[in-house]
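> test case, fold it:
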Amino acid sequence: MVQPSHSSSGTINIRADADEMLDENEAIDPSSLFSAQELEEIHRMKTSPQLVNSLIDSIAPSIYGHAEIKFGVALMLFGGVHKQTPEGINLRGDINICIVGDPGTAKSQFLRYVVGFLPRSVYTSGKASSAAGLTASVLKDEETGDFTIEAGALMLADNGICAIDEFDKMDLKDQVAIHEAMEQQTISIAKAGIQATLNARTSILAAANPIGGRYDRKKTLRQNIAMTAPIMSRFDLFFVVLDECNERSDYSISRHILNVHRYRDEACDPPFSPEQVQRYIKYARTIKPKIGKESADLLVSSYKQLRQNDCTGAGSSYRMTVRQLESLIRLSEGLARLHCDAEVKPSYVRDACRLLKSSIIRVETENVELESPATSFAASLESAHSAAGEGPAAEQLIQKKISLSYEEYVRISNMIVYQLRRLEALAEPIAPAETDADEDVEMLDPAAGGMTKSQLADWYLEQCEAEMATEPQYHQKRAEIAAIIERLIHKDFILIELKGSLAEDAADEPVLVVHPNYVPSL
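Predicted coordinates:
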């Protein structure tokens, strides 16, 4: 009996060698790969109203939650489009993912699921694998005495996925050995008179523990994992899984685990079976989506935004490079394939940008601790609302330390910036001074488009009026906006205080304007 070495029973190879060797402009006829009944089933899946959620629920159904990681794994299975430049340089379409998290958060289970899902996939552990075991080694044949090449894990996973567990336990020299395989997708050997370049067209799914075993939210992603900057830049997506105490989620997870132990497959009822998902992915991989003009412009602007946030320190120590632009392209193409779309739409680019930002930037940001606002500002707010008899209670709330999530802080700061920028755009130029009457020059009052602290606080309270049902909530919102404005002025340097104004009736309280070089976070 003869059977393919890379195939196993009950699974469908979603990545055929012929598919990857075709040019990006060439198409594959689906009727040659699927029967009419299978094509009808794929079309029914494609037109289902909740396609993305159904696919996410069908991936690793025995693992509770982790929808973002399942979404990233799905995009890795669909992949981007392999391309080749006119100079003959290959541009990879495979997506590399790294899952970083606390112990007991199902990282290894994701790796085991992917290895069982794909016929051509290899599972290895970082500490148990050497550089030669991951790439390739040169051995001497005992019978003939000739030197032969022994394939490593990355070569065996060609046109598949290589799952590397305990990635942080790998020695530094072993991590360096896979630099070429992760980006160029080749393995070059020059040993014992043998010079060869071998293919390693594989996606890498890695799992790593933080330094010290637990993820420290006070440190950045780079400080939490023992990984070099070149390796980090080669991963398209990072997912950080935190083991946080939450009564509701703990109850749901424990119930799910008990049901899996008690009822096995009956506890998991995914919308699509593994075979249906495999056929759908194989069908989608025959599509080579193209990037339109609008999507290309959005990709450029999104990349510029990521770079500017990185330079201003608002992002992370993870440096944004051109590789992240290519990651956005691959993720957008993967989303287009997920929807069986021949064109990369702007909505796919926005989803890819959101996924990239949430996997790299958001994980590093802990809750923003807001210091108590300046006494003068607190006094001004108290005097403005003394008629309501709220003095002592509001004073205590304002002086109390306030903690906000990073996302909420960014949302409120963006509201403030957009309001001040809008007023600045509506400001009219003032007439030139009499001494300069001969010069036909118009000057813009720098404070004309600004607001005082009290005015800005009152404006924000009007915007969130529906969220304040009780008096304590009102005082809490006032304390939050007071502390946020002080932080934007004195710590983040996003807002500037103007003590004077070109207008004659300038108010005594400083006017706030946005720093001209500041670019809001997305």
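> pretty sure residue 170 is touching residue 126, no?
Yes - shown here, residue 170 and residue 126 form a contact pair, counting by Cβ atoms under 8 Å, at 3.9 Å. In short, each C-beta sits where N, CA and C put it, glycine included.
> between these two, what contacts are shared?
Each of residue 164 lies in contact with both residue 170 and residue 126 under the rule Cβ atoms under 8 Å, 6 or more residues apart in numbering.
> out of these two, which sits in the busier spot?
Just comparing residue 170 and residue 126: by other Cβ atoms under 10 Å the higher neighbour count belongs to residue 170, 26 against 19.
> for the residue nearest to the spatial centre of the chain, list the residues it contacts.
Central residue check for the chain by Cα atoms, centre = their mean: the C-alpha nearest the mean position is that of residue 356, 2.4 Å away. Residue 356 makes contact with 236, 237, 306, 324, 327, 328, 331, according to Cβ under 8 Å, 6+ apart.
> kindly report the same for residue 260.
So residue 260 contacts 62, 267, 268 (Cβ under 8 Å, 6+ apart).
> and what of residue 163?
For residue 163, the contact set (Cβ under 8 Å, 6+ apart) comprises 111, 112, 114, 115, 121, 122, 123, 124, 204, 205, 206, 207.
> so residue 174, which state does it fall into?
Secondary structure, DSSP: H, G, I helix; E, B strand; the rest coil: residue 174 is helix.
> and for residue 403?
Residue 403 ends up strand, using three-state DSSP.
> touching, it and residue 479? I think so.
No - Residue 403 is beyond contact range of residue 479, at 11.7 Å (criterion: Cβ under 8 Å).
> and these two? Which one has more around it.
Neighbours were counted for residue 403 and for residue 479 using other Cβ under 10 Å; residue 479 has more, 24 against 11.
> thinking again about what came up before, so which of the contacts of residue 163 is the most crowded?
Going by other Cβ under 10 Å, residue 205 tops the contacts of residue 163 with 28 neighbours.
> tell me who's in contact with that residue.
73, 76, 96, 97, 99, 110, 111, 114, 161, 162, 163, 164.
> give me the nearest residue to it, chain neighbours excluded.
Closest residue in space to residue 205, ignoring its immediate chain neighbours: residue 163 at 4.8 Å, by Cβ to Cβ, 6 or more residues apart in numbering.
> for the one you found, list each beta-bridge partner.
Beta-bridge pairing for residue 163 (DSSP bridges): residue 123, residue 205.
> and it, how far is that from residue 219?
As for residue 163, its distance to residue 219 is 27 Å (criterion: Cβ to Cβ, to the nearest Å).
> and if you look at residue 93?
33 Å.
> so between those two, which is more surrounded?
More crowded of residue 93 and residue 219, by other Cβ under 10 Å: residue 93, with 24 against 16.
> quick one: the helices in the stretch 301-450 of the chain, in order.
322-338, 346-360, 375-384, 391-399, 406-426 (DSSP state H, counting those that start in this stretch).
> so how far is the longest one off the chain centroid?
Its chain's C-alpha centre lies 23 Å from the corresponding centre of helix 406-426 when counted by Cα atoms, centre = their mean, to the nearest Å.
> helix 346-360 and that helix, what's the angle between them?
130 degrees (axes from the mean of the first three to the mean of the last three Cα atoms, to 10 degrees).
> neighbouring strands - and their directions - for whatever helix or strand comes next after helix 406-426?
Next helix or strand after helix 406-426 toward the C-terminus (DSSP states H and E): strand 451-452. If you go by DSSP bridges, strand 451-452 pairs up with strand 511-514 (antiparallel).
> what lies in contact with the partner strand?
Residues from elsewhere that reach strand 511-514 (Cβ under 8 Å, 6+ apart): 417, 420-421, 424, 446-447, 449-453, 456, 485, 489, 494-498, 501.
> which one of the contacts of residue 260 is nearest to residue 368?
The nearest member of these to residue 368, counting by Cβ to Cβ, is residue 62 at 36.5 Å.
> surely that closest one touches residue 266?
No - using Cβ under 8 Å, residue 62 makes no contact with residue 266, being 11.7 Å away.
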